[in-house]
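Asker: Quick check, what structure comes out for this input:
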Amino acid sequence: QVQLVESGGGLVQPGGSLRLSCAASGFTLDYYAIGWFRQAPGKEREGVSCISNSDGSTYYADSVKGRFTISEDYYKNTVYLQMNSLKPEDTAVYYCATGPATGTPCPNVYDYWGQGTQVTVSS
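Answerer: Next comes the predicted model:
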């Protein structure tokens, strides 16, 4: 059974850090690209970051560039999103999703989605 499971969300103060994990099971990420998305209440879903396993290329939204880092542990079949210098506007449910690698950091289509993990940045 193909599955993506996010974890690592929580409540953190502004300026703090969290590391989200996206664990894949039922398939290997070798020929896939992974994207992280977020959706805050009343707002549209936003693409945050991607990593392609075909060449290791990455993408970051301007809103998170310089603060977030995406990485992958091939042996654990897991992708991480390290989030530093968190701001209240980063508060959202964060999702990971995967699709076939196409030579760009982000997939053209997403075949599988995780259930999401809540990140709340508040003092």
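Asker: Could I get the full set of strands for this structure?
Answerer: Counting by DSSP state E, the chain has these strands, from start to end: 3-7, 10-12, 18-25, 32-39, 46-52, 58-60, 68-73, 78-83, 92-100, 112-113, 117-121.
Asker: centre of the chain versus the longest one, how much separation?
Answerer: The chain centroid and the centroid of strand 92-100 are separated by 6 Å under Cα atoms, centre = their mean, to the nearest Å.
Asker: Then the third one?
Answerer: Per Cα atoms, centre = their mean, the displacement of strand 18-25 from the mean C-alpha position of its chain is 8 Å.
Asker: hmm, back to that, with distance to residue 106, mean pLDDT and mean neighbour count as added columns, please give the strands of the chain in CSV.
Answerer: Using the backbone N, CA and C atoms, a C-beta is placed for each residue, glycine as well. As requested, those are exported to CSV (distance: least, Cβ to Cβ, whole Å; pLDDT from 0 to 100; neighbours: other Cβ atoms under 10 Å):
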stretch, distance to residue 106, mean pLDDT, mean neighbour count
strand 3-7, 15, 96, 17
strand 10-12, 26, 98, 14
strand 18-25, 14, 96, 19
strand 32-39, 5, 95, 24
strand 46-52, 4, 95, 21
strand 58-60, 6, 96, 17
strand 68-73, 11, 95, 17
strand 78-83, 13, 97, 23
strand 92-100, 8, 95, 21
strand 112-113, 14, 94, 15
strand 117-121, 20, 98, 18
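Asker: Please name the residues that touch the residue positioned nearest the centre of the chain.
Answerer: Nearest to the geometric centre of the chain sits residue 36, at 2.7 Å (Cα atoms, centre = their mean). Neighbour list for residue 36: 20, 22, 47, 48, 49, 50, 70, 79, 81, 94, 95, 96 [criterion: Cβ atoms under 8 Å, 6 or more residues apart in numbering].
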